[in-house]
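*Asks:* Build me a structure from this.
(chains A and B)
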There are 2 protein chains.
Amino acid sequence: MKIYSFWRSLATYRVRIALNLKGIVPEKVIEVNLMKGQQREAEFRAVNPMMAIPALVDGDGPVMIESLAIIEYLDETHPSPPLLPKDPRGRARVRGLAQLVAADSHPLIVPRVREYLEHQLKHDQQTVTAWCRHWHTQALTGLETHLKGKETGKFAHGDQVTLADICIASQAAGAKFFNVDTAPFPNFVRITDEVAKIDAFARAHPLKQPGAPATV
Amino acid sequence: MKIYSFWRSLATYRVRIALNLKGIVPEKVIEVNLMKGQQREAEFRAVNPMMAIPALVDGDGPVMIESLAIIEYLDETHPSPPLLPKDPRGRARVRGLAQLVAADSHPLIVPRVREYLEHQLKHDQQTVTAWCRHWHTQALTGLETHLKGKETGKFAHGDQVTLADICIASQAAGAKFFNVDTAPFPNFVRITDEVAKIDAFARAHPLKQPGAPATV
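*Replies:* A predicted model of the protein is given here:
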């Protein structure tokens, strides 16, 4: 398996957690430096025309894109430990929480969007940061309301780690990057603290990857 | 089953197509008028704190959110016809294409984002429309490259309708709303023409819903 990755990419962080939980070690980790714009170079555009990471190749198979699609693939091909509950309602809740992060929130703060705000719309850094914090806080507000529900246990859905916790961890790392106040969201904070204790999450953290700074 | 819906919502359009394909008729369709801001009213915030539609309730179960999570629930509980291929690689491709639309593109052009650009960042209508067209064109470029692949058949993945086609249909309706030129994307156009012939897609179209105008 080979994975296209960058330390700061929150979507790649999600896939790294899943790989670690499944005990899969990719033979190759190919860096796509988002800060240098390598995702826009012809070489990577041939891999993923959306110019986004992660991208994963398993064996000689075609490239797979989109973090949640990749994680479901890993879950289907390496079922232990499962990352989704068994019952359809539980699966819908976990996928819903995951997509609240990965579809409703994260796409709004990725490099290409920040660059459009800065270069096309000529906004200063402060305005771009306020934009990122706004969408973060919206997602955290939504997540917190869901996490108050009775389906929440030690983790976001019961007492087993699921895809929802993986996405919550990525949301927490993003909140740190943009200095978002998470104090008003105690259930969110409790779960992020809980998953941080798990080695598969800790090792996958952006700041533990090659090329990452000591702090952000 | 009851669904929270609005004629113009592209994410709800996706769920309507899936319901039609599965032959499910919700007992109740509750309008949440996005143009009047009803998604922000307390009544709907209690349903979905993210203030987004669709939301679906099956029986007395909790509210389900996020279009792709809802469609996977419908697919698991009403397996015929299946909306995902059987093989994990095929499923990853279909989910990847679906998320390219529903996670990488659509979230950037929803009402709350357009409103932020307009009200917080004080951009005029022309700038907001250019923003919407930019992200549309990026997604269409990505989709078209994927749809040139050998896995594409009559539909986005082989000759059976999948979740990817549902998302392509929603992307096509969005392209119409924002007057995006789709001519440079012939595979995309061919598939949107193909699915438009299917009654389950045609009946679900935004412009066929109560409250919709005759054209956009």
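
*Asks:* Can you name every helix or strand that the lengthiest helix in chain A contacts?
*Replies:* The helix of greatest length in chain A, counted in residues with DSSP state H as the criterion, is given as helix A:125-147. Using 3 or more CB pairs under 8 Å, 6 or more residues apart in numbering or on different chains; DSSP states H and E as the contact definition, the elements that helix A:125-147 packs against are helix A:88-102, helix A:111-115, helix A:163-177, helix A:186-196. C-beta coordinates here come from the backbone N, C-alpha and C atoms, glycine included.

*Asks:* Domain map for chain A?
*Replies:* According to automatic domain parsing, chain A comprises the domains A:2-81, A:88-207.

*Asks:* Pull the contacting residues for the residue lying farthest from the centre of chain A.
*Replies:* For chain A, the residue at maximal distance from the C-alpha centroid (CA atoms, centre = their mean) is residue A:122, at 27.8 Å. Residues near residue A:122 by CB atoms under 8 Å, 6 or more residues apart in numbering or on different chains: none.

*Asks:* Relative to residue B:44, which of the helices and strands packed on helix A:125-147 is closest?
*Replies:* Using CB to CB as the measure, helix A:88-102 is the one of those that comes nearest residue B:44, at 15.8 Å.

*Asks:* can you give me the angle the closest one makes with helix A:163-177?
*Replies:* 20 degrees (axes from the mean of the first three to the mean of the last three CA atoms, to 10 degrees).

*Asks:* Show me what helix A:88-102 packs onto, helices and strands only.
*Replies:* helix A:67-77, helix A:125-147, helix A:163-177, strand B:64-65, helix B:67-77.

*Asks:* Check the offset of that helix from the chain's centre.
*Replies:* Its chain's C-alpha centre and that of helix A:88-102 lie 14 Å apart, by CA atoms, centre = their mean, to the nearest Å.

*Asks:* again with stretch A:189-204
*Replies:* 13 Å.

*Asks:* What separates the first and last residues of that stretch, distance-wise?
*Replies:* Stretch A:189-204 has an end-to-end distance of 18 Å (CA to CA, to the nearest Å).

*Asks:* Pull out the buried positions in it.
*Replies:* Within stretch A:189-204, the residues that count as buried by 16 or more other CB atoms under 10 Å in any protein chain shown are A:189, A:191-192, A:194-195, A:198, A:200-201, A:204.

*Asks:* For it, give me every contacting residue.
*Replies:* A:13, A:16-17, A:19-21, A:147, A:152, A:154-156, A:161, A:165, A:168-169, A:172, A:182-183, A:208.

*Asks:* What's the PyMOL line that selects buried ones from those residues?
*Replies:* Remark: buried members of the contacts of stretch A:189-204, expressed as a PyMOL selection using 16+ other CB under 10 Å:
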select buried, chain A and resi 13+16+17+19+20+21+147+152+155+156+161+165+168+169+172+182
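
*Asks:* quick one on the thing from earlier: reformat the helices and strands packed on helix A:125-147 as TSV; add mean pLDDT.
*Replies:* Compiled in TSV, the helices and strands packed on helix A:125-147 are given as follows (pLDDT from 0 to 100):
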stretch	mean pLDDT
helix A:88-102	98
helix A:111-115	95
helix A:163-177	97
helix A:186-196	98
